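please find the sequence and the predicted model below.
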Amino acid sequence: MNDESESIQNAEEQNVPGGDAMDGTKVVAAPVQRVMPPIVVLANQKGGVGKTTTTINLAACLADKGKKILMVDMDPQCNATSGIGVPQQPGRSAYRALLGEGSLADIVVGTRFKNLDIVPSEVDLAGAEVDMARADRYLHRFSGILQPLLDETAYDFVIVDCPPSLGILTMNALTAARSVIIPMQCEYYAMEGLTVMTNLINRVRESGANPHLEIEGILMTMYDGRTRLSAEVVNEVKGHFGDLVYKAVIPRNVRLSEAPSFGLAAIEYDASSSGAKAYKAFANEFLRRYAKPHPAPSLAPGPTVQ
Ligand SMILES: Nc1ncnc2c1ncn2[C@@H]1O[C@H](COP(=O)(O)OP(=O)(O)O)[C@@H](O)[C@H]1O
Ligand SMILES: [Mg+2]
């Protein structure tokens, strides 16, 4: 038995409620299992498509609506960290925990939003790509270190920002995830980029690393209403992916690019901007999709998929 399953078993043993019944017989109740919040990952191998902007603004809008959110910055460029106004600090990233030293609880910090916590990032996380490749069960490291934090605090959603590559950090996020949101810039070659992502998601499922991984949705970003191209790209992507494409479309809006330099989410920086309104609409649509019956594979009873 490896360390991971041993520690899960020990925790279960310690948490089993039970006691002596009045007739003296031992009563053993079933272990209580906290319902895990959905882990939603923002991924696209391309840089500059709006992963980080979407992570920050989705997390902020959901927190503003009273949802308890854990945002995780898995990108060594730490734009999500600085973009929500959290200063980078040496040693304050998931790096050490990913390599088995310390826990995420040691580095998680609050933000200005009462309901929004962040696992911040800093440049040392770049080393994880190399160092984790030598580690045991290296694809499952992130899900392993996330679990104790989720047992401790009742979050409604975990939102993870990924680097613009399909390396070990992104693969760890996808292995831990319930679902992926793919932000797509409204530009030529959008479909090509999407094919890379959908193939990767299929590989993650088929390899057994995460058999239940779903595409949560595709979010079209940087829509420019003055060009025909943007509308054509949205139509083309909708033609292939139908309802997976969110109805909310994020416009190209300078307020969205200014806000992170002040460490602010768009709803704080300029709530009346088209960008802030679009992210609010997106967050509402995201929640509406979740309100519909959604399979919860990791919790459903039934045969265990190994
Ligand atoms: N809808 C938008 N309108 C204008 N600028 C945007 C928009 N979305 C993102 N940006 C800007 O584009 C750049 C890339 O976005 P970012 O979210 O960092 O992409 P990624 O995380 O995919 O690399 C950033 O400078 C960001 O501020
Ligand atoms: Mg980014």
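That came through fine. Numbers count the residues shown, from 1 in each chain. Ligands and ions are numbered 1, 2, ... in the order given.

okay, CA-based contacts and neighbour counts for the rest of this
OK.

contact partners for Ala266?
Asn57, Arg255, Leu256, Ala259, Ser273, Gly275, Ala276 (Cα atoms under 8 Å, 6 or more residues apart in numbering).

switch to 6 Å and redo it
Contacts for Ala266 (Cα atoms under 6 Å, 6 or more residues apart in numbering) come out as Leu256, Ala259, Ala276.

let me know the closest of the residues you listed to ligand 1.
Comparing those against ligand 1 with Cα to the nearest ligand atom places Leu256 closest, at 5.3 Å.

ok, the closest one - how many residues close by?
27 (other Cα atoms under 10 Å).

so which elements touch the helix or strand that contains Val40?
Assigned by DSSP states H and E, Val40 belongs to strand 39-42. Applying 3 or more Cα pairs under 6 Å, 6 or more residues apart in numbering; DSSP states H and E, we find strand 39-42 packed against strand 157-161, strand 179-185.

dump the helix or strand just after that strand to CSV, restricted to CA.
Counting by DSSP H and E, the next helix or strand C-terminal to strand 39-42 is helix 51-64. Provided in CSV are the C-alpha atoms of helix 51-64 (Å, rounded to 0.1, in the frame of the first residue of the first chain):
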residue,chain,number,x,y,z
LYS,A,51,-7.0,31.7,-18.6
THR,A,52,-5.7,34.0,-15.9
THR,A,53,-8.2,36.8,-16.5
THR,A,54,-11.0,34.3,-16.4
THR,A,55,-9.7,32.6,-13.2
ILE,A,56,-9.5,35.9,-11.4
ASN,A,57,-12.8,37.3,-12.5
LEU,A,58,-14.8,34.0,-12.3
ALA,A,59,-13.4,33.5,-8.7
ALA,A,60,-14.1,37.1,-7.7
CYS,A,61,-17.7,37.1,-9.2
LEU,A,62,-18.5,33.8,-7.5
ALA,A,63,-17.1,35.0,-4.2
ASP,A,64,-19.0,38.3,-4.5
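
coming back round to it: hmm, who's touching the strand holding Val40?
For strand 39-42, contacts defined as Cα under 6 Å, 6+ apart pick out Lys51, Val158, Ile159, Val160, Asp161, Ala177, Arg178, Ser179, Val180, Ile181, Ile182.

again, only this time at 7 Å
51, 55, 157-162, 173-174, 177-182 (Cα atoms under 7 Å, 6 or more residues apart in numbering).

and ligand 1, which of those residues contact it?
Near ligand 1, judged by Cα under 6 Å from any ligand atom, the entries from the contacts of strand 39-42 are Lys51.

which parts of the stretch 201-306 of the chain are helices?
Here the stretch 201-306 of the chain has its helices, by DSSP state H, counting those that start in this stretch, at 228-241, 254-258, 266-269, 274-291.

distance to ligand 1 and mean pLDDT for these - can I get that in a markdown table?
Below are those laid out as a markdown table (distance: least, Cα to the nearest ligand atom, whole Å; pLDDT from 0 to 100):
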| stretch | distance to ligand 1 | mean pLDDT |
| --- | --- | --- |
| helix 228-241 | 12 | 95 |
| helix 254-258 | 3 | 98 |
| helix 266-269 | 10 | 98 |
| helix 274-291 | 6 | 96 |
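
most packed of those?
helix 266-269 (a mean of 20; mean count of other Cα atoms under 10 Å).

which parts of this protein sit against ligand 1?
Residues of the chain lying near ligand 1 (Cα under 6 Å from any ligand atom): 47-53, 221-222, 250-254, 256-257.

may I see the ChimeraX selection of the buried members of these?
Filtering the residues of the chain next to ligand 1 down to the buried ones (16 or more other Cα atoms under 10 Å) takes a single ChimeraX command:
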select :49,50,51,52,53,221,222,250,251,252,256
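
now, which of the residues of the chain next to ligand 1 sits nearest Ile201?
Nearest to Ile201 among these is Lys51, at 16.7 Å by Cα to Cα.

returning to what we had before: and which of the residues of the chain next to ligand 1 is nearest His240?
Thr221 (17.1 Å).

the closest one touches Ile182, doesn't it?
No - between Thr221 and Ile182 there is no contact under Cα atoms under 7 Å: 10.1 Å.

which stretch of helix or strand covers Met132?
Secondary structure from DSSP H and E places Met132 in helix 126-133.

and stretch 90-108, which residues are buried?
Judged by neighbour count (16+ other Cα under 10 Å), stretch 90-108 contains these buried residues: 92-99, 103-105, 107-108.

can I get these in a markdown table with pLDDT?
Below are those laid out as a markdown table (pLDDT from 0 to 100):
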| residue | pLDDT |
| --- | --- |
| Arg92 | 96 |
| Ser93 | 97 |
| Ala94 | 97 |
| Tyr95 | 96 |
| Arg96 | 95 |
| Ala97 | 96 |
| Leu98 | 96 |
| Leu99 | 94 |
| Ser103 | 96 |
| Leu104 | 97 |
| Ala105 | 96 |
| Ile107 | 96 |
| Val108 | 97 |
